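Chemist: got a structure for you, letters missing:
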Ligand code: TXA
Ligand code: MG
């Protein structure tokens, strides 16, 4: 299959493909998604096939209004309405009781469904023009970092999908926060673009899925149990100061290994390949996946990154880094 990059002027082409049950990569404010009609089994099968995604991992359905969200659920509890009113359109996926309207492949057989209204003009235009709820996981091959540019999507999926709508680089850079509103209090299953602090300011204390902090717990978001985001080189999270980080890099270099390091701006560390995340957690979120993908274009053997704070979107960035490191942590 030939994959074409299409621009805003040819959105009509994307609409036509989606209505025909084809799958199209679309920009959102978080990461690119691989979209298809959530009610069309053929389209949903194509999404799973293109990504190489395990069939037990449910997809998020993207809508353009709260009204449209109602088409997919039995009811919307008050707490979910408050969240939608405050954070939609935005990086918050809300898990509710499914009414079975979406293909059962979308929900991977669960009784619940994840819904999100993306804050991106192209994504919203496509949802409105097709009138469809669009099932859309991140548009990467399963296990790879999520795509924050159309080039990332093309790298992973070119030839496997009908088209890519190019919306430039995504703004937030990490995926949406997933919150389960079928539980009381609601539970954050995946930290993401909307922070825990922002959510708690609106609905009070929420829980964090214990699997986010403890090993040997099965996460409630099926997707969180898979190895993810991992670059080809071995990534380690370093708990310690900059001089300890430099010491680890020097030791690796002395054994003949090529080293990579992920740094914040102004951190003065020597390594063979360096990647900078800017100077805030927001820029770190924006650049993280591109940074991880860039190491795959080099021949580094080992990558090091210092552990970071869980404040704000740091909770999401840290979660992704720890997953990418497969739990490898080095302490002095
Ligand atoms: O920002 C995002 O959320 C992006 C953009 C494209 O919207 N999408 C995205 O989708 O990250 P995906 O499929 O890569 O991640 C969705 C996560 C997975 O961990 C999945 O297991 C979880 O949400 N999920 C979806 N439906 C669920 C459900 N009913 N119950 C529990 N977890 C669910
Ligand atoms: Mg994903």
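Modeler: Yep, it's here. Note that the coordinates shown come from a computational prediction; the quantities given were computed from them, not determined experimentally. Numbers count the residues shown, from 1 in each chain. Ligands and ions are numbered 1, 2, ... in the order given.

Chemist: Can you give the contact residues for the helix or strand that residue 248 is a member of?
Modeler: Secondary structure assignment for residue 248, by DSSP states H and E: helix 242-254. For helix 242-254, the external contacting residues (Cβ atoms under 8 Å, 6 or more residues apart in numbering) are 236, 238, 259, 261, 267-272, 301-302, 304, 306, 330, 332. C-beta here means a position set from N, CA and C on the backbone, and glycine is covered the same way.

Chemist: Quick check: buried residues in it?
Modeler: The neighbour-count check on helix 242-254 (16 or more other Cβ atoms under 10 Å) flags 244, 245, 246, 248, 249, 252, 253 as buried.

Chemist: Name every strand pairing with the helix or strand just after that helix and say which way it goes.
Modeler: Tracing the chain past helix 242-254, the next element assigned as helix or strand by DSSP H and E is strand 259-263. Taking DSSP bridges as the criterion, strand 259-263 sits next to strand 273-276 (parallel), strand 302-306 (parallel) in its sheet.

Chemist: Check the gap between residue 31 and residue 286 for me.
Modeler: Between residue 31 and residue 286 the computed distance is 11 Å (Cβ to Cβ, to the nearest Å).

Chemist: Residue 261 contacts residue 298, correct?
Modeler: No - between residue 261 and residue 298 there is no contact, the gap being 11.9 Å when judged by Cβ atoms under 8 Å.

Chemist: Of these two, which one has the most company?
Modeler: residue 261 (25 against 16; other Cβ atoms under 10 Å).

Chemist: Who are the contact partners of the more buried one?
Modeler: Applying Cβ under 8 Å, 6+ apart to residue 261 gives the contacts 245, 249, 269, 271, 273, 274, 275, 303, 304, 305.

Chemist: Please indicate which of those are buried?
Modeler: Among the contacts of residue 261, the ones that count as buried by 16+ other Cβ under 10 Å are 245, 249, 269, 271, 273, 275, 303, 304, 305.

Chemist: Let's have the strands paired with strand 259-263 in a markdown table, adding distance to residue 121 and mean pLDDT.
Modeler: Putting these into a markdown table (distance: least, Cβ to Cβ, whole Å; pLDDT from 0 to 100) gives the following:
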| stretch | distance to residue 121 | mean pLDDT |
| --- | --- | --- |
| strand 273-276 | 30 | 98 |
| strand 302-306 | 34 | 98 |
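
Chemist: Quick one: closest of those strands to residue 186.
Modeler: Taking Cβ to Cβ as the measure, the strands paired with strand 259-263 were each checked against residue 186, and strand 302-306 came out nearest at 30.6 Å.

Chemist: How far off centre is the closest one?
Modeler: Its chain's average C-alpha position is 21 Å from that of strand 302-306, according to Cα atoms, centre = their mean, to the nearest Å.

Chemist: what angle do that strand and helix 242-254 make?
Modeler: Interaxial angle of strand 302-306 relative to helix 242-254 (axes from the mean of the first three to the mean of the last three Cα atoms, to 10 degrees): 180 degrees.

Chemist: Show the subsequent helix or strand relative to strand 302-306.
Modeler: Tracing the chain C-terminally past strand 302-306 and defining elements by DSSP H and E, one meets helix 314-324 next.

Chemist: Is that following helix positioned near ligand 1?
Modeler: No - counting by Cβ under 6 Å from any ligand atom, ligand 1 is not contacted by helix 314-324; separation bottoms out at 10.2 Å.

Chemist: any residues touching the helix or strand just after that helix, and which ones?
Modeler: Stepping forward along the backbone from helix 314-324, the first helix or strand reached (DSSP H and E) is strand 329-330. Outside of strand 329-330, the residues within contact range by Cβ under 8 Å, 6+ apart are 236, 237, 238, 239, 240, 248, 304, 307, 322.

Chemist: related to what we said a few turns ago, list the residues that contact both of residue 261 and residue 298?
Modeler: Common contacts of residue 261 and residue 298, defined by Cβ under 8 Å, 6+ apart, comprise residue 273.

Chemist: Tell me, how many residues neighbour the residue of the chain found nearest ligand 1?
Modeler: Proximity of the chain to ligand 1 (Cβ to the nearest ligand atom) peaks at residue 223, 2.3 Å away. Using other Cβ under 10 Å as the criterion, residue 223 is surrounded by 23 other residues.

Chemist: Could you point out which residue ranges in the chain have low pLDDT?
Modeler: For the chain, the stretches flagged by pLDDT under 70 are 1-2, 4-9, 214-216, 227.

Chemist: Enumerate the residues of it near ligand 1.
Modeler: Applying Cβ under 6 Å from any ligand atom, one finds that the chain approaches ligand 1 through 28, 30-31, 33, 57-60, 91, 93, 95, 107, 110, 112-114, 116, 118, 136-138, 175-176, 178, 189-190, 220-224.

Chemist: Quick one, which of those are buried?
Modeler: Those of the residues of the chain next to ligand 1 that meet the buried threshold are 28, 30-31, 33, 57-60, 91, 93, 95, 107, 112-114, 116, 118, 136-138, 175-176, 178, 189-190, 220-221, 223-224, by 16+ other Cβ under 10 Å.
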